[in-house]
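> have a look at this prediction, sequence included:
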Amino acid sequence: MAEEADSEPRYYTWVDAQGVMHNSLITSKKNVDRKSAKIPQEKLDTNTPTNAPDFNVDDFPSEENHQKKMDDRIAEKKPFFTWIDAEGVVRSEAKPDVMVEFVAEEVVYDAVFAPPFRLPKHIKQGQCCERYAAAFTAAVSFNGSASYQVDDTLYPFQTQSGSVSAGYFSLPELADKEIILLKGYKLPRDSSFEVIALDEAFQPLYLASKLKGLFIEQTWKDVAYKKIMLEISDADVKYLVVFVRPQSLSLKQRDVEKNNLKPSKLKPSSSKNKIPEKIEALSNYRLSVMRDQFID
């Protein structure tokens, strides 16, 4: 009778989170023990530990594999840059995969200042540029840079065709071989550079004319500019005078400046001898000069 009383099912009542009432059967410990006793002993695996994990260890990588996956994930993410456009909108763009290979044949200089290319001696004997000594306020140190704002109010440079606005740079302690990178901002695409190199006595050593250079379009990080590259292999060069013309001189205009011809000496009736209109140099622009080591 006791066993029948004990075998009588019992329930407990409970309410779940949704407010629904449930009745669950209460299983006595004795019934559980009886059911366990019916399990054959040979089916029990005594070699299986009771605290065996319920997950696969192979699913978890080692520390080295985990770090490698993290490094690969970072390498796959491309870097990007952010900028603000003309309307004030913040924009982001992935950095493009650009690989530039530089070889020696690609280095092209717009002019080379070396002793074999010096101006004739009779040009140095005349008076040239001593009066501009106070104008060389932009000193460019080695591996450094300097800027000069060119306008028509300070130190106009006198040429055979008239006065021009120019920039004046000094190059202290110039090495035997150096590279000069010259940039001009706010310049038209078809403009050309004129560069005069002077010695410590402000006498001309070299003249480079009609240097077209390269025109660099405006980007998100820089404004448009023109640049030229000079190789200077003469330590006697101490100063640079730079001015810019809006376009290259015509052949006849160069002859007029070179020979200092007067208009009256040319026949006005001949169209071939017609003097071109005077080409004025540009003004209100900025020049920047950088010095770097020359590597063979």
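Received it, and whenever you're ready, just let me know what you need. Residues are numbered from 1 along each chain as shown.
> use CA for all of it now, contacts and neighbours both
Noted.
> in which helix or strand does residue 74 reside?
Per DSSP states H and E: residue 74 is located in helix 63-76.
> so what does that helix touch, helix or strand wise?
Judged by 3 or more CA pairs under 8 Å, 6 or more residues apart in numbering; DSSP states H and E, helix 63-76 is in contact with no other helix or strand.
> so what's the residue count around residue 288?
Neighbours of residue 288 under the rule other CA atoms under 10 Å: 19.
> can you pull out the helices in the stretch 51-200 of the chain?
63-76, 121-124 (DSSP state H, counting those that start in this stretch).
> figure out which of those is closest to residue 228.
Closest approach to residue 228 among the helices of the stretch 51-200 of the chain (CA to CA): helix 121-124, 25.4 Å.
> so what secondary structure elements neighbour the closest one?
Looks like helix 121-124 contacts strand 204-211 (3+ CA pairs under 8 Å, 6+ apart).
> C-terminal to the strand it packs on, what's the next element?
Helices and strands here follow DSSP H and E; after strand 204-211, the next one along the chain is strand 214-216.
> need the next SSE after the host helix or strand of residue 14, C-terminal direction.
When elements are assigned from DSSP H and E, residue 14 belongs to strand 10-15. Sequence-wise, the next helix or strand downstream of strand 10-15 (DSSP H and E) is strand 21-26.
> neighbouring strands - and their directions - for that following strand?
If you go by DSSP bridges, strand 21-26 pairs up with strand 10-15 (antiparallel).
> give me the residues contacting the partner strand.
21, 22, 23, 24, 25, 26, 27 (CA atoms under 8 Å, 6 or more residues apart in numbering).
> now, of these, which are buried?
Burial by neighbour count, 16 or more other CA atoms under 10 Å: within these this picks out no residue.
> need the worst-confidence member of those.
Across the contacts of strand 10-15, the bottom pLDDT score, 70, is held by residue 27.
> now do the same contact list for that residue.
9, 10.
> pLDDT averaged over the host helix or strand of residue 286 - what is it?
Using DSSP H and E, the element containing residue 286 is strand 285-293. On average, the pLDDT along strand 285-293 is 92.
> where does residue 264 land on pLDDT?
Residue 264 carries a pLDDT value of 35.
> let me redo that: residue 52
The model reports residue 52 with a pLDDT of 53.
> give me the neighbour count for residue 123.
When neighbours are defined as other CA under 10 Å, residue 123 has 12 of them.
> check residue 210 too.
Neighbours of residue 210 (other CA under 10 Å): 16.
> so it sits right up against residue 193, yeah?
Yes - Residue 210 is within contact range of residue 193, at 5.8 Å (criterion: CA atoms under 8 Å).
> if we can go back for a sec, nearest to residue 138, out of the helices of the stretch 51-200 of the chain?
Proximity to residue 138 (CA to CA) singles out helix 121-124 among those, at 23.8 Å.
> and that closest one, what's its mean pLDDT?
Here the average pLDDT along helix 121-124 is 80.
> other residues contacting that helix?
With contacts defined as CA under 8 Å, 6+ apart, helix 121-124 is touched by 203, 204, 205.
> reformat these as CSV; add neighbour count and pLDDT.
As requested, the contacts of helix 121-124 are arranged in CSV below (neighbours: other CA atoms under 10 Å; pLDDT from 0 to 100):
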residue, neighbour count, pLDDT
203, 21, 92
204, 26, 93
205, 24, 93
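> save the residues you listed as a markdown table, and put in distance to residue 12 too.
Putting those into a markdown table (distance: CA to CA, whole Å) gives the following:
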| residue | distance to residue 12 |
| --- | --- |
| 203 | 113 |
| 204 | 111 |
| 205 | 110 |
